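Asks: this one's structure only:
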Ligand code: F6P
């Protein structure tokens, strides 16, 4: 596992450089979900694949940018699922983006996730490893990730990050989000899952939601590359992650690109979601 974390750190340093200096334009290609890929999406995917190819314990990799699982080492035991450059549509406006990794053993199911990692490329590069606890690192000038602290969520926070198209919300969801704002929560939403969820973790708590909507009845965010890694991180920080009713890590995708509605937060806010969605 340590070697996987080291490979992710090396990838992150290379991706940071690519973000800072490479062409931010589109390629002529589309990814598995039909999004036109940025040249940077393709480059970041290749960087990660190159670094993971050197790690013998990785059996298979699956990227948000690819349709199929790629076998790596027959004697390896882990499947690593990753989104090389999440929120890449924010690159052209110079907002923060991220990379997300889920490390699984025994198949693609929430229950099989052993660890997760995410990297935030913002004014600084930060990396968070969820294993036994949630460990927070920051990149220094020498290209090393220096441990800062373990992250713990408070029981109740102050931030609200409501994703998706509001005109497509169910009335009960709208009522819940309005009630949260009426209780004094602040809107904090950039449209990048990594910085938005990172902010809630570091500021002590709140709620991020990407519900089922009339345009996307199964939500937008992908279980293997986005949802399970953050569900694991939020639970390690003492928070919760649910699909409205069920724990996210109890779900299993039938296809690698399957999505799910998702809510991540501290305990008080997730309790509100459970009460709302029980109706
Ligand atoms: O999955 C890509 C992504 O950009 C996430 O990083 C982000 O949370 C979400 O889409 C934003 O979607 P929307 O703009 O619909 O709220």
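Replies: Yep, that arrived. Every value quoted in this text rests on a predicted model; they were computed, and no experiment measured them.
Asks: give the contact list for the closest residue to the ligand within the stretch 51-200 of the chain.
Replies: Nearest residue of the stretch 51-200 of the chain to the ligand: residue 193, at 3.3 Å (Cβ to the nearest ligand atom). Heads up, the C-betas are built off the backbone N, CA and C, glycines and all. Residue 193 makes contact with 86, 87, 98, 100, 208, 221, 226, 230 under the criterion Cβ atoms under 8 Å, 6 or more residues apart in numbering.
Asks: do residue 194 as well
Replies: Neighbours of residue 194 in contact, by Cβ under 8 Å, 6+ apart: 86, 87, 96, 97, 98, 99, 100, 118, 119, 120.
Asks: give me the element it is part of.
Replies: helix 193-202 (DSSP states H and E).
Asks: what's next to the helix or strand just after that helix, contact-wise?
Replies: Going down the chain from helix 193-202, the next helix or strand is strand 206-210, by DSSP H and E. Outside strand 206-210, the residues that touch it by Cβ under 8 Å, 6+ apart are 157-164, 173, 177, 180, 185, 188, 193, 196-197, 200, 219-221, 261-266, 269-270, 272-273.
Asks: Would you mind listing what in the protein touches the ligand?
Replies: 86, 87, 163, 164, 191, 192, 193, 220, 221 (Cβ under 6 Å from any ligand atom).
Asks: Against residue 221, how distant is the closest residue to the second one other than its chain neighbours?
Replies: Closest residue to residue 87 apart from its sequence neighbours, by Cβ to Cβ, 6 or more residues apart in numbering: residue 192 at 3.3 Å. Applying Cβ to Cβ, to the nearest Å, one obtains 12 Å for the distance of residue 192 from residue 221.
Asks: One more: residue 97?
Replies: 15 Å.
Asks: if you count what's nearby, which of these two comes out ahead?
Replies: residue 97 (26 against 22; other Cβ atoms under 10 Å).
Asks: what phi and what psi does the backbone show at the more buried one?
Replies: Main-chain torsions, residue 97, degrees, to the nearest 10: phi -130, psi -180.
Asks: before we move on, the earlier item: quick one, the helix holding residue 194 and strand 206-210 angle?
Replies: Here helix 193-202 runs at an angle of 160 degrees relative to strand 206-210 (axes from the mean of the first three to the mean of the last three Cα atoms, to 10 degrees).
Asks: Just give me how far helix 193-202 sits from the chain centre.
Replies: Centroid displacement of helix 193-202 relative to its chain, using Cα atoms, centre = their mean, to the nearest Å, is 9 Å.
Asks: Flag every buried residue along that helix.
Replies: Neighbour counts over helix 193-202 (16 or more other Cβ atoms under 10 Å) mark 193, 194, 195, 196, 197, 198, 199, 200, 201, 202 as buried.
Asks: care to break this protein down by domain?
Replies: Domains of the chain are assigned by automatic domain parsing as 2-150, 159-277.
Asks: Out of the ones you listed, indicate the one that is most buried.
Replies: With neighbours defined as mean count of other Cβ atoms under 10 Å, these peak in mean count at domain 159-277, which reaches a mean of 20.
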